[in-house]
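Chemist: sequence first, then the predicted structure:
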Amino acid sequence: MSILMMHFLSFKLVTLLQIYLYGYPPYALASFPCLLTTQPWCYIYTAVGLIVPLLVTWLWIKIKVKLFCKVKTTLN
């Protein structure tokens, strides 16, 4: 998975939270890449932009291993 794509999707999650909290119109979600970057929000963007892509990548690898690496070796 593209790490940059995951960062931008993570930023949109924070933007959705800002829209909900501040009552912005829904089209504010189209702001690129971030809506508000004031002091507390820049830390939230950073944390979510790091944690969410790492978690999604970790889950993706776990799913791939479970689904595609069921290799049985028999020596006879």
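Modeler: The structure has been received and is ready for your questions.

Chemist: C-alpha only now, for contacts and for neighbours.
Modeler: Fine.

Chemist: scan the protein for its longest helix.
Modeler: Longest among the helix segments of the chain by residue count, using DSSP state H, is helix 39-68.

Chemist: wait, what's in contact with residue 8?
Modeler: 33, 49 (CA atoms under 8 Å, 6 or more residues apart in numbering).

Chemist: now the helix or strand that contains residue 15: buried residues?
Modeler: Secondary structure assignment for residue 15, by DSSP states H and E: helix 3-22. Using 16 or more other CA atoms under 10 Å as the test for burial, helix 3-22 gives 6, 7, 9, 10, 11, 12, 13, 14, 15, 16, 18, 19.

Chemist: what's the pLDDT at the second one?
Modeler: The confidence metric pLDDT takes the value 88 at residue 7.

Chemist: now for it: which residues touch it?
Modeler: By CA under 8 Å, 6+ apart, the neighbours of residue 7 are 49, 50, 52, 53.

Chemist: pretty sure the third one is touching residue 11, no?
Modeler: Yep, that's residue 52 we're talking about. No - taking contacts as CA atoms under 8 Å, residue 52 lies outside contact range of residue 11: 9.6 Å.

Chemist: hmm, who's touching stretch 31-45?
Modeler: By CA under 8 Å, 6+ apart, the residues outside stretch 31-45 that reach it are 8, 10, 11, 12, 14, 15, 18, 28, 29.
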